[in-house]
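>>> When you get a sec, could you give me coordinates for this:
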Amino acid sequence: MHKKKSKSSNIVNQRTTSKEKKLHDENLFRIITEQSPDIIFVTNKESVILYVNPAIEKYLGLKADDMIGSVRFDLIHPDDLIPIRNASNILFSDINAPVKQTEVRLRHKDGSWRTFDAVASKIMHNDVIEKIIVNLRDITEHKKIEDRLRNYSEQLKSINENLAEGMVYQINSGKNGNLRDFTYLSTAVERLHGLKMEEAIHNSKLIYKQIIEEDIISLIEAEANAFRNKAKLNIEVRVRMPSGEIKWRQFLAVPHTNANGDLIWDGIEIDITEHKKAEEKLLKSEKKFASIFHLHPNPMAISDVITQKFIDVNNAYTCWTGYSREELIGVSVQDLHLWVNQEDREKINATLAMDGEVNDIEIMVRQKNSNIRNVLFSARFIEIEQERYLLSLAQDITESRKIEEELRESEAKLRKIFEGSNDGIFLFDMENMKYIIYNQAFLNMLGYTGDELKALTVQDIHPREELPLAFKQIQLLKEGKEAAGHHTVFKKKDGSFCFADISTSIIEVSGKNYILAINKDITEQMKMEEELRKDKMSLEQKNIALTELLEHIERTKNQIKEDIAINIEGSIIPVLEKLQLKNVSPEYLAVLRRHLNELTSPFGRAIAQRSTKLSSKEIEICNLIKGGLNTKEISGLLNVSSLTVAKHRRNIRTKLNISGKDKSLTAYLKSI
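I've put the predicted structure just below:
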């Protein structure tokens with residue numbers, strides 16, 4: 001099951017990689033769009049705004065976050081609404097519809113209307129039009145300028161009052177072009193230059209002095225060139241305001257000759273500072289893109305759309321293909337024979353032509369050393385300096401494919417182990433309390449078929465008294481706590497019970513947690529333990545009975561001893577006393593008395609147990625020695641010589657293993 005989990009984790013990792021790539025594309029899109037000076041928004045078929053960049057706040061005074069998720073037809077001028085809706089319907093209904101471009105008026109937050117040049121195109125996925133992306137370029141001021149220049153004579157006053165980012169001027173350069181006398185200045189000169197109109201119109205040098213030194217040279221050259229050619233003047237320069245702040249200005253002027261033969265310039269000065277800042281931001285964005293391009297860990301390349309020759313490649317591309325940068329730039333893919341299958345190339349070209357991009361198409365690519373690699377290929381069209389190029393990215397999945405094959409082999413091995421295990425194994429869904437996967441051993445334990453077990457729950461295969469423990473274990477695992485292995489009881493299909501040692505753990509499959517349980521059938525073991533328990537109980541009962549019997553024997557033995565002692569004392573001792581009166585040997589009578597007194601003592605048995613080699617005569621002598629008689633007394637009592645008794649004493653010491661030891665035979669015998 002561990003290998004199965006690894007495969008599931010691999011599938012999750014692949015999906016995660018795809019999501020990360022999509023997220024990377026979205027982040028790149030946001031980086032570019034959020035730096036754009038134009039309004040860019042994305043809408044779906046229901047006209048719900050899915051994304052809009054921050055530029056909308058600059059031009060319409062609206063927050064981008066407030067716009068997302070809304071439908072804002074109320075922002076469109078009533079006269080422009082129907083054409084806009086028609087264009088949207090065409091883009092969503094016709095996959096072959098071209099890019100739509102039109103002018104549209106949108107209402108500012110303050111209620112004013114601004115004119116935009118709108119360019120809309122569709123975003124497709126799997127041949128389905130999902131979204132429309134619209135680029136809005138604010139041409140309000142340009143429209144105003146065009147209208148005012150076109151109606152200069154009639155609307156000069158209106159221009160002066162309404163031109164928000166510029167001023168109108170007229171300058172007389174004389175017959176030789178050396179004059180710079182203003183014949184007209186709009187009041188906007190105060191805002192654009194911080195000068196009083198009366199001062200500036202009488203002294204044009206006040207304005208010219210504000211132009212940065214490097215730029216004044218360019219302006220003089222441009223004016224001289226326009227004077228010679230009687231051509232339109234169009235130049236951008238920097239000016240230093242009285243506050244010290246640097247601003248950008250664009251001068252547009254058209255020449256004509258008056259009745260005196262003097263060359264008159266009707267012109268307009270426009271504040272383009274914000275546009276320049278936007279251009280600078282865009283330039284920085286392009287630099288960021290270049291940094292991302294060259295530092296990206298995956299091979300990336302930019303190629304010419306028509307010739308398919310490489311324009312640029314990143315370091316990862318050169319390392320991966322084995323070609324140097326010099327070998328790649330200016331050379332086409334076909335020249336290097338990178339494509340293994342031309343069918344892949346044709347498929348990608350067809351997809352690019354239709355959708356404008358391809359994503360994660362698996363192909364095979366040939367490296368310089370002729371090695372073939374499996375690749376996920378992605379590409380899309382980009383614009384660089386108004387030229388169209390193809391940006392491509394390759395993700396080498398050769399090793400992943402090898403790992404997948406190894407995982408498939410491992411899974412097959414794991415399946416054999418799973419199915420061949422003698423222990424019952426199952427995968428349990430904690431949400432619906434169902435058994436998802438199980439091996440044949442588990443089915444055999446319970447006596448169900450696979451289809452029957454799928455329909456059962458915990459309550460169906462456990463006795464009622466086992467359910468609290470089963471649910472407790474499940475809850476512990478749900479909470480991420482460790483559930484210790486334990487005994488459990490299963491209710492079989494035939495109504496009987498089987499016992500099992502169950503061990504459980506949590507495994508994750510496709511992002512979801514399941515319980516993996518391994519059950520060792522201990523039913524026969526439990527039966528044997530029960531039989532052993534009964535046998536043990538029976539033995540304990542028999543042991544109790546035997547103990548009672550031994551105690552009874554001991555009591556009987558003690559009673560016999562007491563009876564013998566009483567009989568000796570009452571019957572035999574008096575006889576001995578009478579025999580003593582009849583002149584029987586006193587020593588013999590003393591010995592006889594001691595022997596009778598010791599009749600119930602364990603000495604005889606003890607001396608016999610010490611050595612089975614003692615003869616009866618030797619045992620008799622041992623009794624006399626223990627009774628305190630010496631060799632002479634024993635020889636006289638037994639009517640044998642002292643030498644014979646001494647010999648017996650030596651034999652006794654040898655047989656009792658005390659020969660040669662500094663130990664008294666008498667003391668030894670008394671200690672027994």
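
>>> list the buried ones in the host helix or strand of residue 489?
Using DSSP states H and E, residue 489 sits in strand 486-491. Of the residues in strand 486-491, 488, 489, 490, 491 count as buried by neighbour count, 16 or more other Cβ atoms under 10 Å. For the C-beta atoms, the positions are set from N, CA and C on the backbone; glycine is no exception.

>>> Between the residues you listed, which sits nearest residue 557?
Nearest to residue 557, judged by Cβ to Cβ, of the buried residues of strand 486-491 is residue 489 at 53.4 Å.

>>> Tell me the spacing between that closest one and residue 467.
Distance of residue 489 to residue 467, given as Cβ to Cβ, to the nearest Å: 10 Å.

>>> Show me the contact partners of the helix or strand just after the strand holding residue 489.
Downstream of strand 486-491, the next assigned helix or strand under DSSP H and E is strand 497-509. The contact list for strand 497-509 (Cβ atoms under 8 Å, 6 or more residues apart in numbering) reads 1-2, 4-5, 8-9, 424, 427, 445-446, 463, 473, 477, 480, 483, 485-492, 513-523, 525-526.

>>> just checking, residue 347 touches residue 362?
No - counting by Cβ atoms under 8 Å, residue 347 does not reach residue 362; the two are 10.8 Å apart.

>>> Report the secondary structure state of residue 513.
Secondary structure, DSSP: H, G, I helix; E, B strand; the rest coil: residue 513 is strand.

>>> So what's the residue count around it?
The number of residues packed near residue 513 is 14, by other Cβ atoms under 10 Å.

>>> Not counting sequence-adjacent ones, nearest residue to it?
Excluding the flanking residues, the one nearest residue 513 by Cβ to Cβ, 6 or more residues apart in numbering is residue 506, at 5.3 Å.

>>> Give the pairing partners of the strand holding residue 489; include direction for each.
When pairing is defined by DSSP bridges, strand 486-491 lines up against strand 497-509 (antiparallel).

>>> so for the strand it pairs with, what's the average pLDDT?
Regarding strand 497-509, the rounded mean pLDDT is 88.

>>> Show me what counts as buried in that strand.
498, 499, 500, 502, 504, 507, 509.

>>> so where's this protein shaky on pLDDT?
For the chain, the stretches with pLDDT under 70 are 1-26, 149, 152-164, 282, 285-286, 288-289, 565, 567-612.

>>> mind checking the longest helix of it?
Assignment by DSSP state H gives helix 523-567 as the longest helix of the chain.

>>> Could you list every helix and strand that it packs against?
strand 497-509 (3 or more Cβ pairs under 8 Å, 6 or more residues apart in numbering; DSSP states H and E).

>>> please redo it, this time with the cut-off set to 10 Å
If you count contacts as 3 or more Cβ pairs under 10 Å, 6 or more residues apart in numbering; DSSP states H and E, helix 523-567 packs onto strand 486-491, strand 497-509, helix 586-597.

>>> how long is stretch 416-424 end to end?
Stretch 416-424 stretches 14 Å from its first residue to its last (Cα to Cα, to the nearest Å).

>>> which of the residues in it are buried?
Neighbour-count burial for stretch 416-424, counted by 16+ other Cβ under 10 Å, picks out 418, 423, 424.

>>> now swap in stretch 357-369 and tell me
Burial within stretch 357-369, assessed by neighbour count using 16+ other Cβ under 10 Å, is assigned to 357, 358, 359, 360, 363, 365.

>>> before we move on, back to that, of all the buried residues of strand 486-491, which two lie farthest apart?
By the measure Cβ to Cβ, 488 and 491 form the most distant pair in the buried residues of strand 486-491, at 10.7 Å.

>>> Name the residues contacting each of the two.
Here residue 488 and residue 491 have 461, 462, 463, 466, 498 as joint contacts, going by Cβ atoms under 10 Å, 6 or more residues apart in numbering.

>>> Out of those, which end up buried?
By 16+ other Cβ under 10 Å, these give 461, 462, 466, 498 as buried.

>>> Just the ones in helices from those, please.
By the criterion of DSSP H, membership of those in helices covers residue 461.

>>> Now do the SS call for residue 40.
Assigned with three-state DSSP, residue 40 falls in the strand class.

>>> Quick check, it in contact with residue 49.
No - using Cβ atoms under 10 Å, residue 40 is not in contact with residue 49, being 11.3 Å away.

>>> Overlap of the contact sets of those two?
Counting by Cβ under 10 Å, 6+ apart, the contacts common to residue 40 and residue 49 are 56, 134.

>>> hang on, residue 657 in a strand?
No - according to three-state DSSP, residue 657 belongs to no strand; its state is coil.

>>> Give me the phi and psi angles of it.
Main-chain dihedrals, residue 657, degrees, to the nearest 10: phi 60, psi 40.

>>> distance of it from residue 304?
Distance, residue 657 to residue 304, using Cβ to Cβ: 116 Å.

>>> Which one of those two is surrounded by more residues?
Higher neighbour count among residue 657 and residue 304: residue 304, with 15 against 10, using other Cβ under 10 Å.

>>> Quick check: closest non-adjacent residue to that one.
Setting aside the residues directly before and after it, residue 304 is nearest to residue 311 in space (Cβ to Cβ, 6+ apart), at 6.0 Å.

>>> correct me, but that neighbour touches residue 390?
Yes - assessed by Cβ under 10 Å, residue 311 is found in contact with residue 390 at 9.1 Å.

>>> Could you pull out the residues contacting both of the two?
Residues touching both residue 311 and residue 390 by Cβ under 10 Å, 6+ apart: 301, 302, 303, 304.

>>> Show me those that map onto helices.
If you go by DSSP H, those have nothing in helices.

>>> neighbouring contacts of the helix or strand containing residue 228?
Residue 228 is part of helix 213-229, with elements assigned from DSSP H and E. Contacts of helix 213-229 with the rest of the structure, by Cβ under 10 Å, 6+ apart, involve 171, 173-174, 176-178, 180, 208-212, 231-240, 248-249, 251, 253-255, 263, 265.

>>> what does stretch 119-129 give?
Taking Cβ under 10 Å, 6+ apart as the rule, stretch 119-129 contacts 38, 40-45, 50, 84, 87-88, 90-95, 97-102, 104, 130-137, 351, 354-357, 359.

>>> Please check those and keep the buried ones.
Buried by 16+ other Cβ under 10 Å: 38, 40-43, 50, 84, 87-88, 91-92, 97, 100, 104, 131-137, 351, 355, 357, 359, out of those.

>>> Just these: which are in strands?
Mapping the buried ones among the contacts of stretch 119-129 onto strands (DSSP state E) picks out 40-43, 50, 100, 104, 131-137, 357, 359.

>>> In those residues, find the pair that's most separated.
Greatest spatial distance among these (Cβ to Cβ): 104 and 359, at 31.8 Å.

>>> ok, now which ones touch residue 235?
Contacts of residue 235 by Cβ under 10 Å, 6+ apart are 215, 218-219, 221-223, 225-226, 249-253.

>>> Alright, calling it a day.
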